[in-house]
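A.B. asks: pasting the sequence and the predicted coordinates here, then a few questions.
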Amino acid sequence: MTEATSPLVAGARGKSPLQAAVHRLLSNQLARGGLLIILTFVVVAAFAPVFLPYDPATDSDLQARLKSPDSAHPFGTDALGRDVFTRILHGARVSLSLGVGSVVLAAAIGSGLGLLAGYVGRQTDLCLMFCMDILLAFPATLLAIAIVAMIGPGLRNSLIAISVVSIPFYARITRGEVLALKEREFVTAARALGGGPFRVILSHIFPNTLPPLSVQTTLAIAFAILEAAALGFLGLGAQPPTPEWGAMLADSYKFFTSGAWWAFFFPGVTIMLSVLGFNLVGDALRDALDPRMRV
């Protein structure tokens, strides 16, 4: 074993597995670019309402409708004379909230079901995974549209719909990890020392499922942003006059033939950049947490 690959050398350098993973993540140029994109959107979502207040009831100006980008309106104006730049900045809070909120809810429910199915097994596993397979049988976007159509449009219902279609992915990933871990020596030893199922799951199994769940969560936020934009585009997500990127596309694409390209171009680019940022970080995080990268 060479010095570069020796675990003793790695230990001597004082890096824990988590620190080594973070170092590999930050050493990836694409990951740094993705983190910069994500951080920019987070800062915008947090501080845009403070430094650039927005009131949809007063910010429209029909005399300035569909103005091309200039110094007063860097991204131009939409069909109601509203500043596209301002609406995009405020839409970041809506889209990111939907993406992160739906993923957190789906991860909590899905990982819990996966832990239960994998550890208990037998009929419980069969029943839960059969339900997950039914959900996976439907295209995610169509299922989300159907759910919102049944319970009504709106931000809260969009969050619920996106969460429901994401639950099976977390359940299957967690179940697979539990099945691989529950017969390992350290889990058997914990049970032999008197550890109950609840304690064994929380203290020994669940922490070891976090690396793949972390990767899935990062990638799922990108998927959730796209789903939220799709629902908004169809009029099932955020309702007017709430600034949301997908709804902005729906309001502006019809003006493409009139030459008002800016009204839909900038919201579309914003969606693309946000999704790209989370995908870059998710791919780099998967490589950083891959045990084979330590060899």
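C.D. replies: Alright, I've got the coordinates.
A.B. asks: can you name the element that comes right after whichever strand or helix holds Leu219?
C.D. replies: Secondary structure from DSSP states H and E places Leu219 in helix 206-233. The C-terminal neighbour of helix 206-233 among helices and strands, as given by DSSP H and E, is helix 245-252.
A.B. asks: and that following helix, what's its mean pLDDT?
C.D. replies: Per-residue pLDDT values over helix 245-252 give a mean of 89.
A.B. asks: repeat for stretch 47-65
C.D. replies: Stretch 47-65 comes out with an average pLDDT of 78.
A.B. asks: setting aside sequence neighbours, what's the nearest residue to Gly176?
C.D. replies: Closest residue in space to Gly176, ignoring its immediate chain neighbours: Gly118 at 7.4 Å, by CB to CB, 6 or more residues apart in numbering. In this view, the C-beta of every residue, glycine as well, is placed from N, C-alpha and C.
A.B. asks: so what's that neighbour up against?
C.D. replies: When the contact criterion is CB atoms under 8 Å, 6 or more residues apart in numbering, the partners of Gly118 are 125, 174-179, 182.
A.B. asks: where does this protein have its least confident helix or strand?
C.D. replies: Within the chain, no helix or strand scores below helix 7-12, which has a mean of 41 by mean pLDDT, DSSP states H and E.
A.B. asks: next SSE after that helix?
C.D. replies: Along the chain past helix 7-12, the next helix or strand (assigned with DSSP H and E) turns out to be helix 17-27.
A.B. asks: show me what the very next helix or strand once past that following helix is packed against.
C.D. replies: Downstream of helix 17-27, the next assigned helix or strand under DSSP H and E is helix 29-51. In terms of contacts (3 or more CB pairs under 8 Å, 6 or more residues apart in numbering; DSSP states H and E), helix 29-51 is packed against helix 84-120, helix 262-289.
A.B. asks: the inter-axis angle of the helix or strand following the first one versus helix 84-120?
C.D. replies: Read it as helix 84-120. Using DSSP H and E, the helix or strand that directly follows helix 84-120 along the chain is helix 122-136. Our comparison of helix 122-136 with helix 84-120, counting by axes from the mean of the first three to the mean of the last three CA atoms, to 10 degrees, yields an angle of 150 degrees.
A.B. asks: what is the rounded mean pLDDT of helix 122-136?
C.D. replies: Throughout helix 122-136, pLDDT has a mean value of 92.
A.B. asks: what about the very next helix or strand once past it, average pLDDT?
C.D. replies: From helix 122-136 onward toward the C-terminus, using DSSP H and E, the following helix or strand is helix 140-151. Averaging pLDDT along helix 140-151 yields 92.
A.B. asks: nearest the geometric middle of the chain, what residue?
C.D. replies: The geometric centre of the chain, computed from its C-alpha atoms, lies nearest to Ile221 (CA atoms, centre = their mean), at 0.7 Å.
A.B. asks: list the residues that contact that residue.
C.D. replies: Applying CB under 8 Å, 6+ apart to Ile221 gives the contacts 99-100, 103, 278.
A.B. asks: confidence score at it?
C.D. replies: Reading off the confidence values, Ile221 has pLDDT 94.
A.B. asks: what of Phe75?
C.D. replies: Among the per-residue scores, Phe75 holds a pLDDT of 92.
A.B. asks: against Ser68, how distant is it?
C.D. replies: Distance, Phe75 to Ser68, by CB to CB, to the nearest Å: 10 Å.
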